[in-house]
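Enquirer: Return atomic coordinates for the entry below.
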Amino acid sequence: MPKATWGSGDKALSAADIDGAEREAPRTRYSGPQPRSGTYRFVIKSMKQGVSSNNNPMITITSILDGSWMPNHKEYDGFPLWDRLPVMDSTKGRVANFLDAIGATGEDLMRKTIVDENGYITKLGDVGDPAGIMCYITIKRDKPTKQYPEPGMSVDFNGYIPLEDDADADGAAGTADGEDEPPF
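Expert: Alright, predicted model coming up:
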């Protein structure tokens, strides 16, 4: 029987490459329900510079839902969300929305971003370390496909929403019946 191969040429990894790799931070397991489509408050856990499958520059954003913002979000507390945000001309509007949502600028991203040896963004201009920044994200349920029969979640096209000065940062927002009413 033939042995499995894992890439070729300069893209091939060796067993020593994998065994000697720096381990990524452990992730917390989430076993709750998927949130409904809507706007939620998330905490950014990490941002990583990388390259998309089409060889475009990209940021992978890992965020965790903060269920304390509204009473009916508590059951989704800890829900993980990964977004792959290409940084290119056709996505510059999405990139700008994301930067607005976290209080950063294009200058911060393009000229003042510091990454570690693994590509994780450790400083984003005047914002500093993006880990721990809260932002509002509108998410939507993805339709099932042949490859992915279980519907997943993704960031809506313009889903990053900036926090306005009068927004309730303490999580007490919402109506008396608990319906989602973002403060923006």
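Enquirer: Apart from its neighbours in sequence, what residue is nearest the residue most central in space within the chain?
Expert: In the chain, the C-alpha closest to the average C-alpha coordinate belongs to I61, at a distance of 3.1 Å (C-alpha atoms, centre = their mean). The spatially closest residue to I61, leaving aside those adjacent along the chain, is D83, at 4.6 Å (C-beta to C-beta, 6 or more residues apart in numbering). Placement of C-beta: from N, CA and C, glycine included.
Enquirer: was I right about that neighbour contacting M58?
Expert: No - D83 is beyond contact range of M58, at 9.9 Å (criterion: C-beta atoms under 8 Å).
Enquirer: just to revisit the earlier point, any idea how many residues pack against the residue nearest to I61?
Expert: By the criterion of other C-beta atoms under 10 Å, D83 has 20 neighbours.
Enquirer: for the strand or helix carrying it, what is the average pLDDT?
Expert: Secondary structure assignment for D83, by DSSP states H and E: strand 80-86. Mean pLDDT, taken over the full extent of strand 80-86, equals 93.
Enquirer: Ok, stretch 53-70 next?
Expert: 93.
Enquirer: again, but for stretch 146-154
Expert: Predicted confidence along stretch 146-154 averages 80 (mean pLDDT).
Enquirer: just the strands in the protein please.
Expert: Counting by DSSP state E, the chain forms strands over residues 38-51, 57-65, 80-86, 113-115, 121-124, 134-141, 153-161, given from the N-terminal end onward.
Enquirer: Out of those strands, which is closest to L13?
Expert: For the strands of the chain, the distance to L13 is smallest for strand 38-51, at 16.3 Å, taking C-beta to C-beta.
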